[in-house]
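*Asks:* show me the folded form of this:
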Amino acid sequence: MKKLLASVLLLFLVSSAASAQTSDERIKQLESLLQNVQEELRSLKDEQKKQGAKIEEAGVLKEEMRKLRLDVAMPEIEYKSYAGLGPAASKIYYTPRGLSIGGYGEIVYSNYFHSSKTDKGDVYRFIPYFGYKFSDKILMNAEVEFEHGGNDISVEFVYLDFMLDPRFNIRPGLILVPISRTNEYHEPTVFYGTFRPDVESQVIPTTWRELGVMAYGDLGKGFSYKAALINGLKTDNISDWIRSGRQNGKESNYNKFAGVVRLDYSGVPGLVVGGSAYYGGAENKGGGSERGTEKANIGLYVLEAQYQTGNAFVKGLYAFGDASGNEAYEKAGRAKQVYGWYAETGYNIFPHIRPESVMSLTPFARYERYNLNDEVFTGSPNESKDREVFTVGLDFKPHPQIVIKADYQMRDTESSLPEGKGTGFDENKINQFNVGLGFIF
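*Replies:* Residues are numbered from 1 along each chain as shown. Got it, this is the predicted structure:
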């Protein structure tokens, strides 16, 4: 750069003194100086290219080092999702042939900020996955769920996958309903907070699985779809909304069917936008019993989007549900309309501490608002079911397959009852501090 400036200065001085020289001499001197300047420019551009290449090479080496550390840290599992499933649930899809075993676990503790409610510790879930790949095109995948220290045991899903074409595949069995991303992608290392969002357990009854058959595939240009025909809901235990109406593959009443479709777009790096619609019939009584008297139709519609850029993450979701039914179904307290939404953000600060590490430390915040009886068939809405939750916390991953979580939840409702547990109190106003330990394998 100094040489270039000197050449330009010399060119100016020579031009200023040019009046004492002949035209030919002046032209030759100017041509020579111009040639020197052009050579200096070429040299400078070459140097800049070399510096740019070195910077790019350093970035590539850092990324290779990070990947190598990731491979060393987790040699037995591909930390990626297949068709929306969690990393551990997807393990069989990346197994060459034969048997695959994976799983996850969650242990939690909750401290409640009111003397009327006892604090709680819980072996919340231990989930083994069993998969078997018969061929490159056919596999079995299953999840067995042990909850609350083993007191509750169930089959979360079990299905056969016929992978016919990237654009069209068939999955019959007990399947996860593709109503929201969290309903399929819910292992403890992939979501913020000790517990899943309230909206995705109360309005969207995560985890939701039913018997049926699903078609799925990639449409190209970032679009993918899922479409399923499943059994309808069972109304016997529904007091407000549909969470207690899930049949879960247990002697399911198959007089009523339901359909669900989902479309996702991930054509922009880091962005996932999705929408789904569920609509189906519902009836009381279990499968194989006498016919029930309650008849209903249930709709649930979800829009969601999330964006990951560098270390920052944002997500938003909105869900709306409605119901209609005969006189036997439209009992007091049952919801005619419900809704829920939340917004969430987090930022991994660990790369600023150790850039090449696979560990992470993510402060996050989430705000939720939902109403489980925004409208009711008879009577007046219960204002204690019109709720808001604000959660702030930290997720720390000392290893990509292990997470330690801590968060504080500020809870409130629209009811006039004081906070507390028991008759005459509103339990959903009690704030709580949670700690969780999670892992996948």
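
*Asks:* now the terminal residues of stretch 169-189, how far apart.
*Replies:* The first and last residues of stretch 169-189 sit 28 Å apart, counting by C-alpha to C-alpha, to the nearest Å.

*Asks:* got it, and stretch 92-105?
*Replies:* OK, stretch 92-105 end separation, C-alpha to C-alpha: 18 Å.

*Asks:* show me what counts as buried in it.
*Replies:* 92, 93, 95, 100, 102, 103, 104, 105 (16 or more other C-beta atoms under 10 Å). All C-beta spots, glycine's among them, are computed from the backbone N, C-alpha and C.

*Asks:* what residues go with each domain of the chain?
*Replies:* 2-68, 88-103+115-385 (automatic domain parsing).

*Asks:* hey, which of the ones you listed is tucked in deepest?
*Replies:* domain 88-103+115-385 (a mean of 18; mean count of other C-beta atoms under 10 Å).

*Asks:* and it, what's its mean pLDDT?
*Replies:* Mean per-residue pLDDT for domain 88-103+115-385: 97.

*Asks:* and it, how far out from the chain middle?
*Replies:* The chain centroid and the centroid of domain 88-103+115-385 are separated by 11 Å under C-alpha atoms, centre = their mean, to the nearest Å.

*Asks:* hang on, the earlier thing: can you tell me which of the buried residues of stretch 92-105 is closest to residue 264?
*Replies:* residue 93 (17.6 Å; C-beta to C-beta).

*Asks:* quick one: that closest one from residue 102, how far?
*Replies:* 11 Å (C-beta to C-beta, to the nearest Å).

*Asks:* common neighbours of these two, please.
*Replies:* Common neighbours of residue 93 and residue 102, counting by C-beta atoms under 8 Å, 6 or more residues apart in numbering, are absent.

*Asks:* sorry, back to before: dump the domains of the chain to JSON lines, plus distance to residue 440.
*Replies:* Compiled in JSON lines, these are given as follows (distance: least, C-beta to C-beta, whole Å):
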{"stretch": "domain 2-68", "distance to residue 440": "19"}
{"stretch": "domain 88-103+115-385", "distance to residue 440": "4"}
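
*Asks:* once you drop chain neighbours, what's closest to residue 267?
*Replies:* residue 222 (2.3 Å; C-beta to C-beta, 6 or more residues apart in numbering).

*Asks:* ok, that neighbour - contacts?
*Replies:* Counted by C-beta under 8 Å, 6+ apart, residue 222 has contacts 265, 266, 267, 268.

*Asks:* is it true that the first one touches residue 275?
*Replies:* What that stands for is residue 265. No: with contact defined as C-beta atoms under 8 Å, residue 265 does not reach residue 275; the gap is 9.2 Å.

*Asks:* what pairs with the helix or strand where residue 314 lies, and is each one parallel or antiparallel?
*Replies:* In the assignment (DSSP states H and E), residue 314 maps to strand 312-325. Sheet pairing for strand 312-325, assigned by DSSP bridges, gives strand 295-309 (antiparallel), strand 335-347 (antiparallel).

*Asks:* those strands in the stretch 101-250 of the chain, which residues are they?
*Replies:* Listed in chain order, the strands of the stretch 101-250 of the chain (DSSP state E, counting those that start in this stretch) span residues 120-133, 138-147, 152-165, 168-176, 209-220, 223-231, 233-234.

*Asks:* got the angle for the first one vs strand 152-165?
*Replies:* When axes from the mean of the first three to the mean of the last three C-alpha atoms, to 10 degrees is applied, the directions of strand 120-133 and strand 152-165 differ by 30 degrees.

*Asks:* what is strand 120-133 packed up against?
*Replies:* strand 98-112, strand 138-147 (3 or more C-beta pairs under 8 Å, 6 or more residues apart in numbering; DSSP states H and E).

*Asks:* can you check which strand is longest in this protein?
*Replies:* As assigned by DSSP state E, the longest strand anywhere in the chain is strand 360-376.

*Asks:* okay, now the sheet partners of it, with direction.
*Replies:* Strand pairing (DSSP bridges) places strand 360-376 next to strand 335-347 (antiparallel), strand 386-399 (antiparallel).

*Asks:* redo those strands as CSV? Include distance to residue 192.
*Replies:* Converted to CSV, those look like this (distance: least, C-beta to C-beta, whole Å):
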stretch, distance to residue 192
strand 335-347, 5
strand 386-399, 6
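
*Asks:* and of the ones you listed, who's closest to residue 88?
*Replies:* Across the strands paired with strand 360-376 (criterion: C-beta to C-beta), the nearest stretch is strand 386-399, sitting at 13.9 Å.

*Asks:* in that closest one, what's buried?
*Replies:* Under 16+ other C-beta under 10 Å, the buried positions of strand 386-399 are 386, 387, 388, 389, 391, 393, 394, 395, 397.

*Asks:* need the residues you listed in a markdown table with distance to residue 210, can you?
*Replies:* Below are the buried residues of strand 386-399 laid out as a markdown table (distance: C-beta to C-beta, whole Å):
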| residue | distance to residue 210 |
| --- | --- |
| 386 | 28 |
| 387 | 27 |
| 388 | 30 |
| 389 | 27 |
| 391 | 29 |
| 393 | 32 |
| 394 | 35 |
| 395 | 31 |
| 397 | 33 |
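
*Asks:* which single one of those residues is nearest to residue 323?
*Replies:* Among the buried residues of strand 386-399, residue 386 lies closest to residue 323 (C-beta to C-beta), at 17.4 Å.

*Asks:* residue 392 versus the closest one, what's the distance?
*Replies:* 22 Å.

*Asks:* in JSON lines: the strands paired with strand 312-325, plus distance to residue 115.
*Replies:* JSON lines is the format used below for those (distance: least, C-beta to C-beta, whole Å):
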{"stretch": "strand 295-309", "distance to residue 115": "38"}
{"stretch": "strand 335-347", "distance to residue 115": "29"}
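
*Asks:* quick check: which of the domains of the chain is nearest to residue 433?
*Replies:* domain 88-103+115-385 (9.2 Å).

*Asks:* now do the same end-to-end measure for the closest one.
*Replies:* 35 Å.

*Asks:* pLDDT on stretch 417-428, on average?
*Replies:* On average, the pLDDT along stretch 417-428 is 97.

*Asks:* what's in contact with that stretch?
*Replies:* By C-beta under 8 Å, 6+ apart, stretch 417-428 touches 114, 116, 117, 384, 385, 387, 411, 412, 413, 415, 429, 430.

*Asks:* list the buried residues in it.
*Replies:* 419, 420, 425, 426, 427, 428.

*Asks:* nearest to residue 238, of those?
*Replies:* residue 428 (19.0 Å).
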